[in-house]
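**Student:** Need coordinates for the below:
(4 chains)
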Protein chains: 2
Amino acid sequence: MSDEEQPPPRSTYRHGGLRDALLEAGVEMAREGGPDAVVLREATRRAGVSPNAAYRHFADREALLKAVSDACLGFSADRIEQELAAHPPTGHDGAFTEADARAMLRAVGLGYLAFAREEPGLFRTAYSVPDDLSHAFDAGKAGRGGRTPFQLVGIALDAMVETGAMPAARRQNAEFLAWATVHGLGMLIIDGPLRGLDDRMVDFATSRLLDMVDRGL
Amino acid sequence: MSDEEQPPPRSTYRHGGLRDALLEAGVEMAREGGPDAVVLREATRRAGVSPNAAYRHFADREALLKAVSDACLGFSADRIEQELAAHPPTGHDGAFTEADARAMLRAVGLGYLAFAREEPGLFRTAYSVPDDLSHAFDAGKAGRGGRTPFQLVGIALDAMVETGAMPAARRQNAEFLAWATVHGLGMLIIDGPLRGLDDRMVDFATSRLLDMVDRGL
DNA sequence: GTCGCCATGTGTACGCTGTCCACAACGGCA
DNA sequence: TGCCGTTGTGGACAGCGTACACATGGCGAC
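**Tutor:** From the prediction side, this is the model:
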């Protein structure tokens, strides 16, 4: 009868949210197989639409992949914020201690690496699309908290300087060092030589890496 | 023991060195466009051979890419050895000082990052194929000096311990930390947020990163 | 209300890719 | 000498990204 059983029964003509549907399909494919698994035709198939429909919303496959990548950066930010929330400052009424700042920076690193290990496909996709600093703060790359991973590192580093955990003279561009270190370990873990190491060893390497950053920054 | 030489590039039927030709073509494509640019059919085309001929030497495209990737690791090792040679130990009759060991480790990092900047396509290809520790010493990944990048880091770290530049207790798995740090910066430079930074800034970031490793390892 | 516009979707087609199959020629070994 | 395994060829197929022409229908202007 007239009871609509199928959620997308007749995508008659207007889809309504095709762009979002394609993006979501893309994210799902990225989750399963990384950036190379993001296939334009398959995305349209999952959205129940003809292949060319995608071109009304994305210039080409690269544009779709870029959008998926940005979304992945947002997920990464979410995971970092989650880790930050799990390690709240011990101080009262918003006062930060030096230890708090160190814990914050550590939490950022832990969250970053946790994301790499929990969602390797999304992680690889997030950092597979060439980008540069001028777009490091684009809103599209932010998580639900409204901040991009790059910003989160920056915030933690600012706290380090404010509490005296790090000399101010070393603050400039310190994001690069912290980020590079953690990013590198992430890559080595998910498809570099550290692949296949058991969780305990990875945890250990993570811990030692963060120690190194703490000491050497 | 036969002197293998083919004065005319006769492509009558037997090619003679098809496997090598395909590999070389693959490396050239990787140089220009990274791992995604190594295309099996194009490789056969450059070798002047029909597409299917490749399957006599490589199981599939992935196998070709793996071979190219291994070759790239060898080039990476070459570049590191070159940097090592440019920073010879100051000590006499093979005696290493602590400063020599630090210079060695630094040279390894410099060479690694120089390779990333000079040959971004090869660099990305080298580390694009999932691998694990059990193959970190495969002869196919070694450079002309017979050592893989992983081994070179290890040698430098051993020197650090021997000369007292690093406590022996921290030696175990220190490769991972050093490698991850430098690898991460390499990735950020060639297609991460540090892309497009001028050489001076990259040099500066490199220097600070190596300082951090030196201090924090 | 009606009409027309244009954003959004469909259909068809092309060249490219990786890969499977059957077949052909060479060269070393019996 | 004749055979046979190695190495190459040719043809075919499905899947991909994407260009071009066409269809639809919701929305604002009249």
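**Student:** From here on, just use CA atoms for contacts and neighbour counts.
**Tutor:** Fine.
**Student:** mind checking how far the helix or strand hosting A:E24 is from the chain centre?
**Tutor:** Element membership for A:E24 (DSSP states H and E) is helix A:18-33. Mean-position distance between helix A:18-33 and its chain equals 15 Å (C-alpha atoms, centre = their mean, to the nearest Å).
**Student:** Would you mind pulling up the elements that it packs against?
**Tutor:** helix A:40-46, helix A:61-86, helix A:120-126 (3 or more C-alpha pairs under 8 Å, 6 or more residues apart in numbering or on different chains; DSSP states H and E).
**Student:** Just say which of the ones you listed is most tucked in.
**Tutor:** Mean neighbour count (mean count of other C-alpha atoms under 10 Å in any protein chain shown) peaks for helix A:120-126 among the helices and strands packed on helix A:18-33, with a mean of 26.
**Student:** The residue minimising distance to the centre of chain A and B:R79, how far apart?
**Tutor:** Nearest to the mean C-alpha position of chain A, by C-alpha atoms, centre = their mean, lies A:S76 at 2.2 Å. For A:S76, the distance to B:R79 equals 34 Å [C-alpha to C-alpha, to the nearest Å].
**Student:** repeat for A:G154
**Tutor:** Distance from A:G154 to B:R79, by C-alpha to C-alpha: 33 Å.
**Student:** Provide a list of residues in contact with the closest residue in space to A:F75 that isn't next to it in sequence.
**Tutor:** Excluding the flanking residues, the one nearest A:F75 by C-alpha to C-alpha, 6 or more residues apart in numbering or on different chains is A:G143, at 5.9 Å. If you count contacts by C-alpha atoms under 8 Å, 6 or more residues apart in numbering or on different chains, A:G143 has them with A:L73, A:G74, A:F75, A:S76, A:A77, A:D78.
**Student:** tell me the SS of A:G143?
**Tutor:** Under DSSP: H, G, I helix; E, B strand; the rest coil, A:G143 falls in the coil class.
**Student:** again, but for A:V129
**Tutor:** Quick answer, by three-state DSSP: A:V129 is coil.
**Student:** Would you mind naming what in chain A lies close to DNA strand C?
**Tutor:** Proximity of chain A to DNA strand C, by C-alpha under 7 Å from any atom of the strand, involves residues A:11, A:13-19, A:48-54, A:56-57.
**Student:** give me that answer again for 6 Å
**Tutor:** Neighbours of DNA strand C within chain A, by C-alpha under 6 Å from any atom of the strand: A:Y13, A:R14, A:H15, A:G16, A:L18, A:V49, A:S50, A:N52, A:A53, A:R56.
**Student:** Could you list which of the residues you listed belong to helices?
**Tutor:** Those of the residues of chain A next to DNA strand C mapping onto helices are A:L18, per DSSP state H.
**Student:** Spatially, which two of the residues of chain A next to DNA strand C are the most separated?
**Tutor:** Taking C-alpha to C-alpha, the two most distant members of those are A:G16 and A:N52; they sit 16.0 Å apart.
**Student:** OK, contacts around the residue nearest to A:T90 when sequence neighbours are not counted?
**Tutor:** Once flanking residues are discounted, A:T90 sits nearest to A:D100: 6.7 Å by C-alpha to C-alpha, 6+ apart. Counting by C-alpha under 8 Å, 6+ apart, A:D100 makes contact with A:P88, A:P89, A:T90, A:G91.
**Student:** May I have the phi/psi pair for A:D100?
**Tutor:** When quoted as degrees, to the nearest 10, the phi and psi of A:D100 stand at phi -60, psi -50.
**Student:** Three-state assignment for the residue nearest to A:L185 when sequence neighbours are not counted, please.
**Tutor:** Counting by C-alpha to C-alpha, 6+ apart, A:L185 lies nearest to B:A180, which is 4.6 Å off, once chain neighbours are set aside. On the three-state scheme (three-state DSSP), B:A180 is labelled helix.
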